[in-house]
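Asks: coords please:
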Amino acid sequence: MARIQLENITKKYKEKIAVNNLSLDIQDNEFFVLFGPAGAGKTTTLKVIAGIEFPQEGLIKIGSEIVNLIEPMHRNVSMVFENYALYPHLSVFDNIAFPLRSKLHRKDEDYIKTAIEKVIKTLNMHKVEGIYQRKPSQLSNGQRQRVAIGRCLVREPTVFLMDEPLAHLDAKLRHFMRGELKEMQSAFNTTTIYVTHDFMEAMSLADRIAVMNNGQIEQLGTSEQMYYTPINEFVARLFGEPEINIFPSELVSENGVVSLRALGQNVPLVPGADAQAALKTAGCTQIDVGIRGIDVMFSFDKKDDSSLAGTVFAFEPIGNKVIITVDVAGTHLRIAASNSTTARLDEPVYLKFNMKNALYFNGATQAFITRSGIEQYR
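Replies: Below is the predicted model:
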């Protein structure tokens with residue numbers, strides 16, 4: 001049983017609070033991701049679970065056992081670090097075998113050979129010529145990371161702890177390894193806690209995500225909940241590329257119809273009927289509107305008076321798409337366009353929003369209020 005429970009954990013470094021009264025309940029065999037910006041407390045939380053750091057307050061449970069005073073070697077956890085941490089003088093075989101030759105977890109050589117062959121195959125490294133005899137200096141970054149992961153997997157621990165294991169890999173290899181990690185976790189049938197600041201890794205790998213900020217959890221839920229119903233503007237900005245556009249607006253109600261005035265334009269933004277009802281009862285007139293780049297339609301010719309007028313501020317071709325930044329009355333909105341799009345700086349552009357996918361936040365507190373069709377995302 002590898003259920004992990006953190007109850008009111010606080011970890012301080014002198015006067016700096018790294019983790020602030022944090023509670024988590026991670027289920028057996030769950031792939032759980034700690035996600036957030038640098039300095040949010042993700043790695044400290046992982047170290048507290050591993051026993052590398054000891055909290056000043058709170059309880060840590062692995063299974064049903066309180067492990068606060070148990071040393072790391074006796075917690076039966078296995079950890080992959082961001083910097084690989086391989087022994088440079090040992091071969092790949094000996095690096096992976098190292099945990100199985102320790103005094104605490106010693107196995108016979110036949111068992112070690114079988115276990116390493118299984119791990120090497122799982123890591124898809126069995127076709128690399130002479131892989132067992134190679135030293136870390138003879139491996140690519142991707143191969144080194146796989147060996148580090150293999151050393152973590154070979155011991156069959158209660159829980160895998162992974163601290164940004166893909167951070168130093170190139171984009172193509174990161175994409176490939178995301179799929180490999182998820183498959184590995186299923187094959188080894190063990191709880192995994194994974195730290196990352198990459199929203200693509202978090203969304204593609206996680207059964208659940210905890211978004212951390214300043215040592216606390218902002219939101220806990222699935223990838224879909226983070227993307228479609230973020231609890232506040234902070235979480236909304238973390239998920240999606242390009243980053244969601246969020247701008248202030250004023251709530252106006254005329255003849256029972258709720259609309260929003262924004263961006264210095266006379267064109268009203270009209271939410272869906274269900275969103276209108278929620279906005280009416282929200283108790284605020286200052287609403288921040290969130291529109292993702294894929295929900296902005298644009299034209300370089302004015303077709304009618306229902307469009308918002310702006311100018312091209314920046315044009316960024318990035319391979320499979322183009323990111324266009326449009327200046328609308330001093331507010332910059334980022335649009336995702338097809339890679340065949342061309343534009344000139346300062347060229348006039350006319351925008352329409354897909355209000356069915358708009359997110360609405362309290363302008364004062366930045367807390368999420370509603371969106372159209374919200375029931376399907378709960």
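Asks: So Glu7 sits against Leu59, correct?
Replies: Yes. The pair Glu7 / Leu59 is scored as a contact, 4.3 Å apart, by CB atoms under 8 Å. C-betas here are computed from N, CA, C, even on glycine.
Asks: Sticking with Leu251, tell me its helix or strand.
Replies: Following DSSP states H and E, one finds Leu251 within strand 245-254.
Asks: try Asp25
Replies: Counting by DSSP H and E, Asp25 is part of strand 16-26.
Asks: what's the average pLDDT for that strand?
Replies: For strand 16-26, the mean per-residue pLDDT is 96.
Asks: How about stretch 62-82?
Replies: pLDDT averaged over stretch 62-82 gives 90.
Asks: How far off centre is that stretch?
Replies: How far stretch 62-82 lies from its chain's middle: 24 Å, per CA atoms, centre = their mean, to the nearest Å.
Asks: same thing with stretch 265-282?
Replies: 30 Å.
Asks: so who does Ala40 touch?
Replies: For Ala40, the contacting residues are 212-215, by CB atoms under 8 Å, 6 or more residues apart in numbering.
Asks: Cross those against strands and list the overlap.
Replies: Those of those mapping onto strands are 212-213, per DSSP state E.
Asks: Kindly indicate which of the contacts of Ala40 lies nearest Gly256.
Replies: Asn213 (39.0 Å; CB to CB).
Asks: measure that closest one to Ile112 for me?
Replies: Counting by CB to CB, to the nearest Å, the separation of Asn213 from Ile112 is 43 Å.
Asks: ok, now Asp170?
Replies: Taken as CB to CB, the span from Asp170 to Ile112 is 32 Å.
Asks: Between those two, point out the one with more neighbours.
Replies: Per other CB atoms under 10 Å, whichever of Asp170 and Ile112 has more neighbours is Ile112, with 20 against 11.
Asks: what sits against the more buried one?
Replies: 97, 100-101.
Asks: between these, which is closest to His332?
Replies: Ala97 (54.2 Å).
Asks: any idea which element that closest one lies in?
Replies: helix 92-97.
Asks: Can you pull out the residues in contact with that helix?
Replies: Contacts of helix 92-97 (CB under 8 Å, 6+ apart): 86-87, 112, 116, 119-120, 131-136, 139, 147, 150-151, 154.
Asks: what do you get if the cut-off is 6 Å, keeping everything else the same?
Replies: Here helix 92-97 makes contact (CB atoms under 6 Å, 6 or more residues apart in numbering) with 86-87, 112, 116, 131-132, 134, 147, 150-151, 154.
Asks: Quick one: buried ones out of those?
Replies: 86, 112, 116, 131-132, 134, 147, 150-151, 154 (16 or more other CB atoms under 10 Å).
Asks: from those, which ones fall inside helices?
Replies: Counting by DSSP state H, the part of these found in helices is 112, 116, 147, 150-151.
Asks: Kindly reformat those as TSV containing pLDDT and distance to Arg344.
Replies: Below are these laid out as TSV (pLDDT from 0 to 100; distance: CB to CB, whole Å):
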residue	pLDDT	distance to Arg344
Ile112	92	64
Ile116	91	59
Val147	90	50
Gly150	86	52
Arg151	90	54
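Asks: And the furthest pair within those residues?
Replies: Between any two of those (CB to CB), the greatest distance is 15.0 Å, for Ile112 and Val147.
Asks: re earlier: return the strand holding Leu251 as PDB; C-alpha atoms alone will do.
Replies: Extracted in PDB, the C-alpha atoms of strand 245-254 (Å, rounded to 0.1, in the frame of the first residue of the first chain):
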ATOM      1  CA  ASN A 245      -5.400  36.700 -22.300                       C
ATOM      2  CA  ILE A 246      -7.000  38.300 -19.200                       C
ATOM      3  CA  PHE A 247      -8.300  41.800 -19.300                       C
ATOM      4  CA  PRO A 248     -10.700  43.900 -17.200                       C
ATOM      5  CA  SER A 249     -14.300  44.700 -18.100                       C
ATOM      6  CA  GLU A 250     -17.400  46.300 -16.700                       C
ATOM      7  CA  LEU A 251     -20.600  44.400 -16.200                       C
ATOM      8  CA  VAL A 252     -23.600  46.000 -17.800                       C
ATOM      9  CA  SER A 253     -27.200  44.800 -17.600                       C
ATOM     10  CA  GLU A 254     -29.800  46.200 -20.000                       C
END
